[in-house]
Structures are given as structure tokens and as C-alpha cells.
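# pasting a predicted model and its sequence here:
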2 protein chains.
Amino acid sequence: MQEYNNLEKRFSEIIALRQIDAFLDWDRAVFMPEKGVGQRARQLEVLNVKIHELSTDPAVGNWLDKAEATNDLNDWQRANLELMRNQYIHATAVPADLVARKMNQETKTEGIWRKARAESDFSQVQDALARLLDIVRETADVKGKALGKPAYDALMDNYVPHMASSEVDAVFDDVAAFLPGFLNDVLAHQQEPLPLNGPFAIAVQEQLGRHLCEKLGFDFSWGRLDTSAHPFSTGIGNDVRITTRYSEDGFINSLQAVAHEAGHGFYDRHTPEQWQQQPVGASQNMGMAIHESQSLSLDMQLSRSREYWEYLTPVIAKAFGRSGPEWTAENVYRHATRVKRGFIRVEADEVTYPAHVILRYRLEKRMVEGKLEVKDLPEAWNAEMQKLIGAVPPDDRRGCLQDIHWYFGAFGYFPAYALGAFIAAQFGQKIRKDSPDYASRIRGGELTVYGDWLRDNVQSKACLYKPHDLIEKASGEKFNIRHFKKHLTERYLEKEYKG
Amino acid sequence: MQEYNNLEKRFSEIIALRQIDAFLDWDRAVFMPEKGVGQRARQLEVLNVKIHELSTDPAVGNWLDKAEATNDLNDWQRANLELMRNQYIHATAVPADLVARKMNQETKTEGIWRKARAESDFSQVQDALARLLDIVRETADVKGKALGKPAYDALMDNYVPHMASSEVDAVFDDVAAFLPGFLNDVLAHQQEPLPLNGPFAIAVQEQLGRHLCEKLGFDFSWGRLDTSAHPFSTGIGNDVRITTRYSEDGFINSLQAVAHEAGHGFYDRHTPEQWQQQPVGASQNMGMAIHESQSLSLDMQLSRSREYWEYLTPVIAKAFGRSGPEWTAENVYRHATRVKRGFIRVEADEVTYPAHVILRYRLEKRMVEGKLEVKDLPEAWNAEMQKLIGAVPPDDRRGCLQDIHWYFGAFGYFPAYALGAFIAAQFGQKIRKDSPDYASRIRGGELTVYGDWLRDNVQSKACLYKPHDLIEKASGEKFNIRHFKKHLTERYLEKEYKG
């Protein structure tokens, strides 16, 4: 047990420093004066060198070997130990010079990408991305050998652990076969809502955001809601911070972002307090697919439902002092569930969102596997867009330049977004099944019915189970996409699913 | 040079981590959700263990020995090296178990003090403070031996370096002989101003605070102004953050706090950028007397001057939409320079402020030297109050329980507050001498005339000189209190000083 205890002590230090790292990043995005960026980078560099030293210390390897040989650990401790091993492999697999080269090329490529995107000129960033992809492939090979996985799967292991790309292929192929036809049906079926004309004062949207937080169960004695260019969530336990962004043109996006980030925040809030300073208590170690299932539960399942808008519409109309035929719950609900063949992932509706993700997954996997070269990316992008969404972006800014991920070396993350939506649908049917008076409670403003179920059945388990086991225990079924298709069919075609 | 370079590398890491530490503390005071306090304490603990390890590493001692033996350092490097040695002595002088005992007793005593102060009951905290004082004396003895200084001076070395308590005694005795009679004269001379009746909306005070910042030269591209229970300043270089506090009853205190903290902030802003990650570029290493001279320059010298209120009064009246006979610059100036026999240091006027500080200095020195025991503190406090200010507080809450310093183990800090006021007066006369059109420029809103002089003559020198040398180079005279007496006489009796 001594070795296991040493590991707990060490990882609690690493986690405390990682919390600081995440918090410094939050501040950079939310409150830091613009000129502070250089100093902050230096602080993060020094901090991360310390984290790296603590993480790759050979003593950790020795403790792991000995702790793994003992039999007197309980379930939580065993799950904790397994995560420690995984993190140690990731931290030590890649030689220091490769880590440094990767970071260096990431920073360079991201800088060039910002300009290339602004000018919608892929050729500017093509060489830098190709060099970064070479380094990513090298990293994937090294990690693959250390983890005993194919190269792309080794990258996915950071974000979607315990899932093989072969399984993702099968699931995504199924959805990709379903979506284009379904999208045609939805577009033919949906009714044009009456316009909701702005401006919608941002101060009022902020009040509504705080009201929504509180109705969802997000408490400002342990959390904050602020503003940033891109909404995100950070923190853990008694200090969870989420952000949203506002536009005077509409209020739906800012409120959906609040619900989305609150979903992430609840996960970090509701893991068991005694494990929050250990890997098994850090929600992101369940992987981003499960994490996104929590945010998309609130953002897509709950906050695009008719009963939700039946509660919220009068609250919003009153806050803005508006009335008229367009301020019916039904009309606002139609806005919140509006489907279109758009080009931008982060603006996508619930129906086309998985298609945007599947496209990225297919392309990045081929890139890592050496089957697609950077120079051919724009063409491949547009071909997939045509196939999956039926629309080709007029320029690369609205195409393969839109997301930061690849240009900052993050390959293997994208599948989590769509998997999270599928899992959220699977949880959603169980939540409604477990709460017979579900719709009337939501309609009455009792929005915590959703979060309470997630807390009890998912979030409080932290990383005790593997993702597939957790999904099955919580939803009563093995992971599948039947509920996602059923959910889309019932919400967007308003008819029963016969899949 | 290799050893010196190793030291620069090491200290730049220590300083980056210390910046993070200070920043986490800023967040705790300004934005952290209330329940986050336990997690934050754990983060700070882990971070500070790392800082301590880096600071006390025996390699640092070896590098110091070798670097001190070389002759090829320039003036900045030599000053830097001397500060590194001083910090290494402080970090290594005290055995780890004594450090731990002190921290432990500090936390306990502070907790008990908060309750004792709220209930105005010194007896509750008497034993805890006595135990803490024992540990402080032990620490002072150990540090005194390591530094070759008397025990109290070894504590003062943290806050007022390069100044002996014998010198402080002489200066304070002189001021203490001057003040009581002077205070009588002022109280007899001063005229009752017309009342300025609130409420003064806090949103407007916030706008005025930002306006004042900008007029003083505080730029929000590298700084922030926020709100906290106790105003403070933190950060360095391109990320300086100050706070103030607001009450609807009046606007003068919040604006004076803005000027005060901006003064600290400018120091951290204007040290040479290339030294900001080294001890020689960290303004607090000049000691808190010099640091307070920068804040009190703006808070007392500038922002209690007639010409300052001639500029600011119409701006304020307009912001609040007020007018009437009480809204003359002369009347607001009388409010800003109002003197009274008060009990509370942080609310004290410019005349009685040094008396509050001298009292604390005398008592804490006697406590550290074993000449005053904790049980006799309230009585000693009240006796000094009677002697120096001519008023005895009705309870200990407004007496020896009012300041946190001793109850958190900070002995040796107090003298800096009054020394800073004296130095600020010495700089003030030189600023006015160096700028013949000084008063008309301030009257016209060109408030940067004050800060620019401080930047050029004090702040940009960082820790290149010893405090006494800096004062002499900047002001053209050795440190003395003639200018402080002259300043008080001219401002508060409105007559020429004949001291």
C-alpha cells in the first residue's frame, strides 16, 4: 500500500498544479489585460515544466509496478491506479525533443492559421500544417507502440479512451447513411417561424443566463458565469467556472451555451469530493465523449425541447418586455430547433452537427494514417460536405480553416463531439422513462430533474467505470445509436421512429 | 558567469511561480466563489512547497558562493546577486519544523482573531497570540544570527531592508515629539466643511475610478481595476491589477484607494522589463517603505492637494449630476484633508497616520524583544494612544484588535507605512521643484506629472540602489523628515514651516 499511497500523494500534487494551469488559462480568456499574454505564457511554461517533472519521475514508474502487484486495493483505488498508469505512459512515451518540436510547431502553425483563416487562404498555412502533421504522425506512432494501439487510436486515447476507431467507424458509417435522407425530410417538414427581432440587450441576457444557471442547479457559491470569445468550462468541486458569449441579435445561442457549459461544469462539480484531487475524480479522464454527453444533455436534449421553451419563453419575453404573436413557446421552440444546411460546425443544429463531426473524423484519421495529404485537404473537405450535408462552402474560411483543432495539433478529439450527442440521447430516453411526470416538471420550471439524474447516474461515478460500462449501467442498455435516431425523428419529424 | 547564469535561470522560475501565487491570491480576494477557499488553499500549498524546494536547493548556495567570487558582473547583476543571497539566507535560516509550526500557529491565531475582533474580546485570542509571539521570537533569533542583526531588525529586514531599528527609533521619536502639539494646532485651525450628502451611486464611482486611473497614467491594456473587501495591488509588468472598495456614503475614500493602489501598481509596471523576472526587478525587494512612498505619493501628496481637487471636483459633480455651494473644489478639498483624533489606522488622516504607525512599531518591537507580554498589550496600546493621539478607544475592536498583522505573524512591517509617508513628502517637494508649472498642470488635469517623475526617478531604477541611496539620488537630499513636517505645516496650518 505504501507505493499506492506515494502515488496518491504525487498525483494530488500534479492535479493541484494542473488546476492552477487551467485556472491561469481561464483568466487569460476572461479577465487578463491584453498585454499580459507574454508573462502568462512564461508562467505557464515554468508551471508545466514542474508538472512534467513530477509526472515523468522514474519513481512513479517504480511505484506503479509495485502497486499493480498488490491485491488490497478497492474498486476506486484500482480505477485510480489504472488511470495513473495510462497518464504515465502518455507522459513518458514521447521523447522530450519530440514534445518540444511538437509544441514549437503547434504555436507556429496556429499563428499562421489565424491569418490564413482571416484571409480565407489555405495556401498560407498549408506547409506549416504539413510539418505539424508529420510531427503528429511521429507522435502517434510512438504512442501507438507504447499503448499497443494503431497510431490514430493512440491519439484518440487522450480524448476517447477505451474506444477503438473501428467501433467509431461503424457507428459513424451508420449515422452517415441515415443523416442525408433524414435531413431532406426535416427540411421538407419544418415550418418557418415568425422572426424574433433584436436588439436583445446583453445586460438582460446576462440576467437570463444567471437565472437559467440557478434553475439548472448551478450555484454561485461554488461557481461563476462570465463572458469569453469562445464559451468554455473549467474548475472542479467547489470552484467551477463557465463562460458564454452574447450577441444583441439573439438570445438563444447565449442561453444554449450557458446550458452546454453548465453541463460540463456539473460533471466537475459532482464527482465525489474525496476523489477530486485524484485522477479517478477528474471528470475529463472519462474522456470527452462522456463529458460532451453531459453538456449536450443540457444543450441539445433539454434546451431544444418543447417543454423547456414552454417554461422559458414567458420568462424571456417578460425580461425583455416583449409581447406579440412571435412570443409563443411554440414559435421560440421552432427557432431553437431550426435546421439548415450550414457550413460552420459551432453554429450547427442538432441534426447536421454529427455530420460536421463525422467529416472531420474521417479526414483526420486519413491524415494521421498517411492516406490524405494536407495539400488535398480542401478538396476532400468539400467532397465530404457535399456528401453529408449537401452543401459546399464558398471558401476555405467556412471550410477546412474554420476549426482550430488541427492547426494546434489536436487530432483525435473530434469524434467525441458526435459520440457525446449519441450518448446524451441514450441517457435522455432513460431520464424521461425514470421520471414519468418529466415534461410537466420541466414545463413548471423544475429544470433540475435533468441534472439530478445525470448527477446520480453519471457524474457521481466519476471514473470508477469504463465509458461503455458507465453508459450501460446508467441507461440500462449497451451503447447504441438507436436512441439518437429515435430522438431526431420524434423531435424533428414529429413522428414515431421505426428504425 | 556560469554560476550567475544558473542563478538567473533558477530565480526566474521562482519568480514566475511567485507571480502565480500572488495571482491566485488576487483571484481569491476578487472573483473566487466563496466555497472555493479549501481547494485554493491546497493549490497554494502545493505551489509553495515547490517554490520552497527551488529556493532552498543547496545548489543555489554553491552558485552564490562562486558567483560572488567573480568580478565580471555589471551593477544590475551585482544588485541582483545581493538580493539572491539575502533571499537565500531568509529561506534557509529557519528550520523546516519552525516554518511549519509558525504557519500552523498563524492560521490558528488568525481564525481566532476574526471572532475575537468581531466580539471585541481580546481575552479570546490572548493565548493564541502569545503562542504565536513565542514562535515569532524564535524565528527572529534564528534569522538575527543568520543575518548578523538584532532579532527585531531581522524581522524588519523582510519589509524595510537596509534600515536599522535604531534609525527608525530616532526618526519616530522626532515625529512623535512633533505630532501631538501639531495635531492640537490643526484641530484648532481647521474649518468645518459643508456636508456632501450621499448616496453616491457605486456605478458612477466605478466610472470615476477608471477615469482617475487613466488620468494618472494607468492603462487598461496592461492593468485592471476591480473591487475587494480590502484594497490591494498585485502583478507586474504587463499585467498589474489593483482594487478599491466602495460605499454609497462617500466617494473620497474609494478614489483615494484607487490612487494609492495605482501608486503601488506603477512601481510594478515601471521597473525595467528585462529585469522583471529577476529579484532586482521585483519592486517589493526595495522594501515596503519605498513601496509605500509610491502609493502615498499619489494617495497623500497628490490626492489631498488643493490643485488636485480643483481639477477633480467639477468632474465628480458632473458625474453625479450634483451642484450647490458644497460642490466647490475648496469644500471637497476640506473633506479630503479633514483631521480628527480617530481610532482606526486605515481610516486615519494624513496627520495622525504616522502616530498610529509609531504606536504599533513601538509595541511590536517591545513584544519581539521580550519587553512587553501579550497579556499587557491592550493597556499598553491605550496608553500610547492617549500619548500620541490624545484619545483612547472605547473597546479593543477599535484598539489592539483592529489590524490583522500580528495575528498573522507579520511583525516588522508596520514601520514601512510611516517611513513611506516621510519619503513621499521628500519626493513631493522635489517633484514640485522639478516642475515649476506643477500646480497649474495638475489643476488642468495633467495628473501624470506626478507619476512620470516617480517613474523616471524611482520606479525605473527597480532595486539597483539601496533605499537610502535611491532616496538621495531621487530627491537630492539624504533621507530626513524635515519635508514631512514642512508638508504638514504648509497644508494643514497653511503657513510656512520654520522647523
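In hand now; what should we look at?

# and the residue nearest to A:P150 when sequence neighbours are not counted, how close does it get to A:D134?
Closest residue to A:P150 apart from its sequence neighbours, by C-beta to C-beta, 6 or more residues apart in numbering or on different chains: A:G144 at 6.0 Å. C-beta coordinates here come from the backbone N, C-alpha and C atoms, glycine included. Separation of A:G144 from A:D134 (C-beta to C-beta, to the nearest Å) stands at 16 Å.

# same question, A:A128
A:A128 sits 11 Å away from A:D134, taking C-beta to C-beta as the criterion.

# same deal with A:L196?
Computed as C-beta to C-beta, the A:L196 to A:D134 distance reads 48 Å.

# neighbour count: A:A128 and A:D134, which is higher?
A side-by-side neighbour count of A:A128 and A:D134, using other C-beta atoms under 10 Å in any protein chain shown, places A:A128 first with 20 against 13.

# doesn't A:H162 belong to a helix?
No. A:H162 sits outside any helix when classified using DSSP: H, G, I helix; E, B strand; the rest coil, being coil.

# for it, give me its contacts.
Residues near A:H162 by C-beta atoms under 8 Å, 6 or more residues apart in numbering or on different chains: A:287, A:466-468.

# tell me the one among these nearest to chain B.
When the contacts of A:H162 are compared for distance to chain B (C-beta to the nearest C-beta), A:G287 wins out at 23.5 Å.

# just to check, that closest one is in contact with A:P415?
No. In this structure A:G287 lies outside contact range of A:P415 using C-beta atoms under 8 Å: 10.1 Å.

# okay, and the common contacts of those two?
Joint contacts of A:G287 and A:P415 (C-beta under 8 Å, 6+ apart) are A:159-160.

# so which of the two has more stuff around it?
A:P415 (27 against 24).

# looks like that one contacts A:L359 (just checking).
No. Shown here, A:P415 and A:L359 do not form a contact pair, counting by C-beta under 8 Å, at 11.3 Å.

# okay, buried residues for the lengthiest helix in chain A please.
In chain A, assigned by DSSP state H, the helix with the most residues is helix A:2-30. For helix A:2-30, the neighbour count (16 or more other C-beta atoms under 10 Å in any protein chain shown) marks A:3-4, A:6-8, A:10-24, A:26-30 as buried.

# most proximal residue of the stretch 201-350 of chain A with respect to chain B?
Per C-beta to the nearest C-beta, A:D239 is where the stretch 201-350 of chain A lies closest to chain B, at 3.3 Å.

# can you tell me the helix or strand for the residue nearest the centre of chain A?
Residue closest to the average C-alpha location in chain A (C-alpha atoms, centre = their mean): A:E292, at 4.2 Å. Per DSSP states H and E, A:E292 falls inside helix A:288-296.

# got the buried residues for stretch A:442-459?
Neighbour counts using 16+ other C-beta under 10 Å place A:442-443, A:446-455, A:457-459 of stretch A:442-459 among the buried residues.

# cool, and stretch A:55-69?
Residues A:55, A:57, A:60, A:63-64, A:67 are the ones in stretch A:55-69 that count as buried (16+ other C-beta under 10 Å).

# over to stretch A:128-143?
So stretch A:128-143, judged by 16+ other C-beta under 10 Å, has buried residues A:128-129, A:132-133, A:135-140, A:142-143.

# and which of those residues is nearest B:S475?
A:A128 (55.0 Å; C-beta to C-beta).

# how close does the closest residue to that closest one other than its chain neighbours get to A:Q124?
Spatially, and ignoring its direct neighbours in sequence, A:A128 is nearest to A:T109 (4.3 Å; C-beta to C-beta, 6+ apart). Here A:T109 is placed at a distance of 11 Å from A:Q124 (C-beta to C-beta).

# more neighbours: which of those two?
Neighbour count, other C-beta under 10 Å: between A:T109 and A:Q124, A:T109 has more, with 24 against 17.

# give the helix, strand or coil label for that one.
Quick answer, by three-state DSSP: A:T109 is helix.
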